[in-house]
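1. sequence unknown, structure follows:
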């Protein structure tokens, strides 16, 4: 058993064990820290930077930083909220996101976070980048307009030999996530659905599955993102 | 390449995907690029998906999936190359050689590509042609080179000068690069090879070696300045079946070329430093990661390593030290600035795209192939040798209170004597400018694009870690140069091209900042644009790595130190001009309807 330690999030004391990351410790204590690229069970990518918190005056990603005894963590200063909103705004302006016509609306983490953080008009100019829709695969459609390059599909979707179906191509602002044409032909129904599931936005869609759950009854239609974690925290406090 | 040839290459590399860089280099050496068919065969042999292979190939500047010509010219596009006349050379290549910018000539003979600083800032304009360096280019030389390429001459027959000074002329190197060593100190003075290992280290325990490095208060010479002794100690304490020593010779910060000179003149010292580090931390293997731009030194460095091996300094019991063995190899990079970041350098050595890792764990705990790894800059190893030789106390007595020892700086730009200067920390900027013969200096870029742009009122500032820190680059711009157009724009383009693209701010903000610069330069900037640039630039501190943290520095530091240069270009009496030009946007409609819009 790892040792029990105390940490402080926004000056409030919480207890956890030292084998946890800041994110895990916060979640078990009912404190919500937003995440996008984070995917439990896979190596952290730390690419979206939305889980950034302040530790001893340094910005660090909560999903990858281990807790330490007495650690003081800021999770809701104006500065941090400002950064998180900016990350969301950049994502909306970098890609082409049209929520009303998106198959993932209501199940999209980006959309849900935008509601939670009340994103209105972004401070960044829309890039109107030309992005393609790749419909060459029999099972899935990859809409690059919506891809936020979080690397979740790259990290999670592999075949039995550990070969990746998806990978990064190029670098910098030209960076894209691509599906292996040849391996893609061997994509099973289960893996295809898993790919759609790990995609936090509507970039990976399984053919004919986009509207299985009607709009209005989807995860974030029913509760705001993070509500489950916060409710758990409240229940824990009552105990 | 044939299936058989590719299989032999894979076999030689034990069908190990971690050797992908070496495998790809061998293919590129053979035919200049990787074909679809090559990728298919490699995928089968290495048991990784084709897209995974493309992930590595597409990341690096010098890997290609289609032909880049029989002769491939990579013309340096750094700010220094620009002010030494790059444009004229490029014009000759395009207009008289039929070259296409960033493409191949229609006859497939010559490819012309831009490339960031190739470490020749003291002899620009310079280009890399099929892995060889051509310096001090002029319009005449460019025409001559074109003529020779059309005749199909081999590269070595195209030189028109004698080989460079010192060991540039070594039979295994034969390069025309010149050292331009202008001021020597302890690191650059002649030394006898492996004397410290033989005479001192053999009489010391690893702890005693570590103690001296800590006593010296040596800090990393690549730019970040992390205490070397502490790094070695962490790695020594880390648990691992094996440990590694990496030498970072991926000198990519524009304007830096001091490692080029150390690699040329002091390879034995560098290797000796690596062996000493290996001894101190308990490592058996070393890797020297050499940037692709310095490929012309690879044979020479391999020759040196082999000689040292034969003389008993590498391998089992180096210099007769019992219970210790250490050997090393060279890993060639393939063109990526971010690979100079230690964890990206390790990723690259593992055959992957050079994306910095998120930390913790740090390389000293979990580095190359998961083993504890120390990564130090070329110069850091050279300094470590001197520290063990003359003692940590001696080294500690050099420099200032908080910056100890000497620093090699690479000086380039508008000055009479560009080159390498070994200086004790503590000189002022003014001292340096007088030393190098710089006149009417307007701006000095200290520490490369990721550093600070200093104005003339700041020339009394001191070279040291707490004031004007540098990994080695000092670029001088005199009164003829425009700070924004000639310097800042170039540096921002550099960062846009070199970001790995993983972190959201780093992938987007440099590009957005560059668009703001363009807006200001086109006369449409307002005070609001400056405020936006400062706010957006400040957000870069949430990125993962050093490149991301500093990629807005050209803008932020010029806004601080050269604000009037921006303000002069702003539109007055308004704080907002839209990015959208309504007249331009409605032009087509206006033409069809034959009506002028009322705006």
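-> Perfect, I can see it now. Please read all numbers here as calculations on a predicted model, not as lab measurements.
2. okay, CA-based contacts and neighbour counts for the rest of this
-> Will do.
3. and the most centrally placed residue in chain A, what pLDDT?
-> Closest residue to the average C-alpha location of chain A: residue A:36 at 1.5 Å, with Cα atoms, centre = their mean. The per-residue pLDDT reported for residue A:36 equals 96.
4. ok, it touching residue A:150?
-> Yes: under the criterion of Cα atoms under 8 Å, residue A:36 makes contact with residue A:150 at 7.2 Å.
5. give the intersection of the neighbour lists for the two.
-> Both residue A:36 and residue A:150 are in contact with residue A:48, where contact means Cα atoms under 8 Å, 6 or more residues apart in numbering or on different chains.
6. can you pull out the strands in the stretch 351-500 of chain B?
-> Here the stretch 351-500 of chain B has its strands, by DSSP state E, counting those that start in this stretch, at B:373-377, B:406-413, B:419-424, B:441-446, B:452-455, B:473-478.
7. out of those, which comes closest to chain A?
-> strand B:373-377 (19.9 Å; Cα to the nearest Cα).
8. which residues touch the helix or strand of chain A with the lowest mean pLDDT?
-> When the helices and strands of chain A are scored by mean pLDDT, DSSP states H and E, helix A:227-238 comes last with a mean of 80. For helix A:227-238, the surrounding residues in contact (Cα under 8 Å, 6+ apart) are A:27-32.
9. go through that helix and flag the buried ones.
-> For helix A:227-238, burial by neighbour count (16 or more other Cα atoms under 10 Å in any protein chain shown) applies to A:229-230, A:232-233.
10. now swap in stretch A:119-138 and tell me
-> For stretch A:119-138, a neighbour-count test (16+ other Cα under 10 Å) marks A:119, A:124-125, A:137 as buried.
11. my read is residue B:335 is in a strand, agree?
-> No: read with DSSP: H, G, I helix; E, B strand; the rest coil, residue B:335 is coil and lies in no strand.
12. could you pull up the contacting residues of the nearest residue to it once chain neighbours are set aside?
-> Nearest in space to residue B:335, with sequence neighbours left out and distances taken as Cα to Cα, 6 or more residues apart in numbering or on different chains, is residue B:61 at 4.8 Å. By Cα under 8 Å, 6+ apart, residue B:61 lies in contact with B:334-336.
13. make a markdown table from these and add neighbour count to it.
-> Formatted as a markdown table, the contacts of residue B:61 follow (neighbours: other Cα atoms under 10 Å in any protein chain shown):
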| residue | neighbour count |
| --- | --- |
| B:334 | 25 |
| B:335 | 22 |
| B:336 | 26 |
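14. and which of the residues you listed is nearest to chain A?
-> Looking across these and measuring by Cα to the nearest Cα, the closest to chain A is residue B:336, at 10.1 Å.
15. and the closest one, what are its phi and psi?
-> With angles defined as degrees, to the nearest 10, residue B:336 sits at phi -170, psi 120.
16. what helix or strand is residue 54 on?
-> Picking chain A for this. strand A:52-55 (DSSP states H and E).
17. chain B, not that one
-> With secondary structure defined by DSSP H and E, residue B:54 is part of helix B:50-59.
18. touching that helix from outside, list them.
-> With Cα under 8 Å, 6+ apart, helix B:50-59 has contacts from A:164-171, A:178-180, A:182, B:39-40, B:43, B:63-65, B:336, B:351-354, B:500.
19. pairing partners for the very next helix or strand once past it, with directions?
-> Heading C-terminal from helix B:50-59, the first helix or strand you meet, by DSSP H and E, is strand B:71-76. If you go by DSSP bridges, strand B:71-76 pairs up with strand B:110-115 (parallel), strand B:127-129 (antiparallel).
20. show me just the buried residues among the contacts of helix B:50-59.
-> A:164-171, A:178-180, B:39-40, B:43, B:63-65, B:336, B:351-354, B:500.
21. so what's whatever residue of chain B ends up closest to chain A up against?
-> Taking Cα to the nearest Cα, chain A has its nearest neighbour within chain B at residue B:501, 3.7 Å off. Taking Cα under 8 Å, 6+ apart, we find residue B:501 in contact with A:171-175, B:507.
22. let me know the secondary structure of it.
-> Strictly by three-state DSSP, residue B:501 counts as coil.
23. backbone dihedrals for the closest residue to it other than its chain neighbours, please?
-> Closest residue to residue B:501 apart from its sequence neighbours, by Cα to Cα, 6+ apart: residue A:172 at 3.7 Å. Main-chain dihedrals, residue A:172, degrees, to the nearest 10: phi 60, psi -140.
24. my read: residue A:172 touches residue B:503, true?
-> No: applying Cα under 8 Å as the test, residue A:172 and residue B:503 come out as separate, 9.3 Å apart.
25. quick revisit: among the contacts of helix B:50-59, which are in helices?
-> Of the contacts of helix B:50-59, the ones assigned to helices by DSSP state H are A:182, B:39-40, B:43.
26. re the thing from before, give me the buried subset of the contacts of residue B:501.
-> Using 16+ other Cα under 10 Å, the buried ones in those are A:171-173, A:175, B:507.
27. quick one: which of those residues is nearest to residue B:560?
-> residue B:507 (23.7 Å; Cα to Cα).
28. next, find the distance separating the closest one from residue B:121.
-> From residue B:507 across to residue B:121, the span is 28 Å (Cα to Cα, to the nearest Å).
29. again, but for residue B:79
-> Distance from residue B:79 to residue B:121, by Cα to Cα: 9 Å.
30. so between these two, which is more surrounded?
-> Neighbour count, other Cα atoms under 10 Å in any protein chain shown: between residue B:79 and residue B:121, residue B:121 has more, with 29 against 26.
31. contacting residues around the residue of chain A found nearest chain B?
-> Going by Cα to the nearest Cα, chain B is nearest to residue A:172 of chain A, at 3.7 Å. Residues in contact with residue A:172 (Cα under 8 Å, 6+ apart) are B:496-502, B:506-507.
32. measure it to residue B:509 for me?
-> Residue A:172 is 11 Å from residue B:509, where distance means Cα to Cα.
33. TSV for the contacts of residue B:61, including pLDDT?
-> Below are those laid out as TSV (pLDDT from 0 to 100):
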residue	pLDDT
B:334	97
B:335	96
B:336	97
